[in-house]
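Trainee: Next input, structure requested:
(one chain, ligands or ions: 2)
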Amino acid sequence: MNMLKRNLSIICIISMMLSISVFTANAAITTIEDFTVDINTDNSTLSIEEYNGDGGEVIIKDELSGYTVDKISSRAFLNCADITSITLPRFLRTIGSYAFSGCSGIASITINDAVSSVGNYAFYDCTSLESADIKGNMTAISQYMFYDCTSLNNVTLPTTLRVIYESAFRNCSSLKSITIPDEVNTIGESAFYNSGLEKITIGRNVTTIGKDAFLKCAPNLVISGYTGSTAETYCKENNIKFFPLDTVYGDVNNDERINVKDVTYIQKFLAGLESAGIEENSKSFYAADVSGDGNIDIGDALLVLRFVDHEISVFPVEE
Ligand SMILES: [Ca+2]
Ligand SMILES: [Ca+2]
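Mentor: Ligands and ions are numbered 1, 2, ... in the order given. Okay, the predicted model is just below:
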């Protein structure tokens, strides 16, 4: 009998403990306005777990019931196609994976300064999204972050950025041009695969460009970068047109002077002499094409001569 009593009381205690722990966990999940939220009472923050509203313009306030909104959890707005615009709160730090995936009604997104982490596929399949202004503190664009955002045409990346991960802008077929901040060191596999890219500027610090990063972009894609950089090597290996940002128009022989020697180099090139050392898409090539028409001809030689004689102070290509 005693034994049974003791067992019962143990069961009683255990079930009480269980109910307390369940109670504690549930207490944090509640509904505020159109959101299911998870409150962290320790630091007065909350995360948005789910959106329950009817769509239209959604403004997520900086605070809800006195708690700072610092996280949007995974899938919180997944497939909310009725939302036409989203304003993110100022102190938001984290956006979970798939958070806004399938929000096909939103045209623009601004990711504020405080955000340091955005999960994979966060904006996947946002087919009306045209503009992404990423201010953030972000060091990485996550995998597939803008995958299948087929209207995206305007992307601003922050200088804190170091890595663009795999397939981040894959199938962004409206994305014609982008500037990669100088601080970025890695562009992942298929990062811009099947995008609309015609123009991309890549800084000096990129040392890794993944396989197929620029495969199936626009046929006239030009990658701008620096002579001797990973970008230049990548272009040569993958038969992509390269433009050297360090081109000095008129200085065909790269001796940091523009004088009659440069005219001679153009003449040598036109005479078919290899000693001119002017290769297609090289710094010398662009330096010689001062007319900017994509060819080197006698007109370019004459323009350099006129520059040397102070008849002109700027080349047509620079105007
Ligand atoms: Ca020169
Ligand atoms: Ca020319």
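Trainee: near ligand 2, which residues of this structure?
Mentor: Proximity of the chain to ligand 2, by C-beta under 5 Å from the ion, involves residues D289, S291, D293, N295, D300. Any C-beta I mention is one placed from the backbone N, CA and C, and that applies to glycine too.
Trainee: Name all residues that make contact with M138.
Mentor: I111, V115, S116, S117, V118, P158, T160, L161 (C-beta atoms under 8 Å, 6 or more residues apart in numbering).
Trainee: quick one: the helices in the protein?
Mentor: 2-28, 230-238, 260-270, 283-288, 298-308 (DSSP state H).
Trainee: how close does the residue of the stretch 151-300 of the chain found nearest ligand 2 sit to ligand 1?
Mentor: Nearest residue of the stretch 151-300 of the chain to ligand 2, counting by C-beta to the ion: S291, 3.6 Å away. Applying C-beta to the ion, to the nearest Å, the value for S291 to ligand 1 is 18 Å.
Trainee: That residue contacts A301, doesn't it?
Mentor: No. In this structure S291 lies outside contact range of A301 using C-beta atoms under 8 Å: 10.3 Å.
Trainee: residues contacting A231?
Mentor: Neighbouring residues of A231 by C-beta under 8 Å, 6+ apart: I202, V206, I209, I223, G225, F242.
Trainee: one more time with 10 Å
Mentor: 180, 187, 200-204, 206-207, 209, 223-225, 240, 242-245 (C-beta atoms under 10 Å, 6 or more residues apart in numbering).
Trainee: among these, which ones are buried?
Mentor: Burial by neighbour count, judged by 16 or more other C-beta atoms under 10 Å, picks out 180, 187, 200-204, 206, 209, 223-225, 240, 242-245 from these.
Trainee: domains of the chain?
Mentor: Using automatic domain parsing, the domain ranges for the chain come out as 28-140+149-156, 162-242, 260-318.
Trainee: Can I get those domains in TSV including mean pLDDT and distance to V252?
Mentor: Below are the domains of the chain laid out as TSV (pLDDT from 0 to 100; distance: least, C-beta to C-beta, whole Å):
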stretch	mean pLDDT	distance to V252
domain 28-140+149-156	97	36
domain 162-242	96	14
domain 260-318	94	4
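Trainee: That'll do, ta.
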